[in-house]
Each structure stands twice: as structure tokens, then as C-alpha cells.
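[1] Below are the sequence and a predicted model for it; my questions follow.
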Amino acid sequence: MTNYNVDQEKALADLGRHIPTYHLIDVWKYLKETFDEIAPSPKEELPINPIHSRVPLKDIKNIHNWEKGFDEGYSYYENGDKARKEGNVDEAIELFDKARYNGYNVPTLYNSYAMAYRKLKDYDNEIAILDEAIERLQAEEKNVYETLIMNLNERRSKAFALKRR
């Protein structure tokens, strides 16, 4: 149901109207009649072996003080994102690590981490950092990040697909 709502919102934004669901049902019936039943291919989860120097979550400074973490970590994040955009991906990851270690915990940090790892084609670390982002966002008392978590899961799926190649 959530995907349906998101798809309808995208359709409204992109096309200016909703897409009736009966069209999807017609397509499904046609495919079923034409191709009969197709067994879904089993999705194997590939092992994830990230190699990094990030400290474990339990050792992060200011983990329970968002404001202090923001104050101490934001400049590292900002410089890291600037380095990532300039193509200095390894330097950017080091700065993101420092921002995270100081307690900086915002979704853009994890998105920038993921983009940096994608640039390096380091899908194991990309998946690992996305898993951490999802875990931390789901742990928030007010779970206002539902759409963001869905986007992170989509990005994670893409990283898995790229890893399989």
C-alpha cells in the first residue's frame, strides 16, 4: 500500500494526474495469460564484507546528544562533501568518518557516504553504511523518516544489484 501511495504521488507530480489501478490489473492479467505462471527467481543475499576504519556505533561521541554531535561534526561533513564533489573520494570518506565519530547524525551524511562508496564501486561498504543509516533512522523516537528509509532501501537494492554483476 505504501508503494502505491508513493507511486500515485509521483504520478501526480510528474504527470499531473493519478494512474487508475485497473490499468495495472489489466497488464497483470495479460502477462499471466501470455506467459502463464513464472516462478520468481530466488534472490540470494550475497555476503557483505565491508572493510573500513569506522568506529562501532557504541563508541561514537555524543551519540545521545544530537546538538553537540551536530556542532562537533558538521564542519567535517561539510568539508567531506566538498571533497567528494571535487573527486577526492578517499579524503571525503575520512572526513565523513570524523563527522560520524563526533556524533553527526543526519540523513545527508549517510547519503554522501553512499555516493562516495558508489563512486569507488565499493558496494560492500555502501550497503553497510546504508544498513547503519536505516537502523539509526528506524531507532528515532518519532519515525518521520518513512519515505527516506524507503529511498535508502531502494539505494541498497541497487548496490546489491551492482555487486552481483
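    Yep, that arrived. Everything numeric here is computed off the predicted structure, so don't read it as measured data.
[2] From here on, just use CA atoms for contacts and neighbour counts.
    OK.
[3] and the closest residue to P107 other than its chain neighbours, what is it in contact with?
    Sequence neighbours aside, A133 is the residue nearest to P107 in space, at 7.1 Å (criterion: CA to CA, 6 or more residues apart in numbering). For A133, the contact set (CA atoms under 8 Å, 6 or more residues apart in numbering) comprises 107, 110, 152.
[4] so which helix or strand takes in A133?
    helix 123-138 (DSSP states H and E).
[5] quick one on the thing from earlier: for K82, state which of the contacts of A133 is nearest.
    K82 lies nearest to Y110 out of these, by CA to CA, at 14.7 Å.
[6] Count the neighbours of the residue nearest to M115 when sequence neighbours are not counted for me.
    Distances taken as CA to CA, 6+ apart place E126 nearest to M115, at 7.9 Å, with adjacent residues excluded. Number of residues near E126 (other CA atoms under 10 Å) recorded here: 26.
[7] before we move on, what about the one 3 residues further on?
    Here the count is done by other CA under 10 Å, and I129 has 21 residues near it.
[8] Provide a list of residues in contact with it.
    110, 113-114 are the contacts of I129 under CA under 8 Å, 6+ apart.
[9] Throw those residues into a markdown table and include secondary structure, neighbour count and pLDDT, thanks.
    Formatted as a markdown table, those follow (DSSP: H, G, I helix; E, B strand; the rest coil; neighbours: other CA atoms under 10 Å; pLDDT from 0 to 100):
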| residue | secondary structure | neighbour count | pLDDT |
| --- | --- | --- | --- |
| Y110 | helix | 21 | 95 |
| Y113 | helix | 27 | 96 |
| A114 | helix | 26 | 96 |
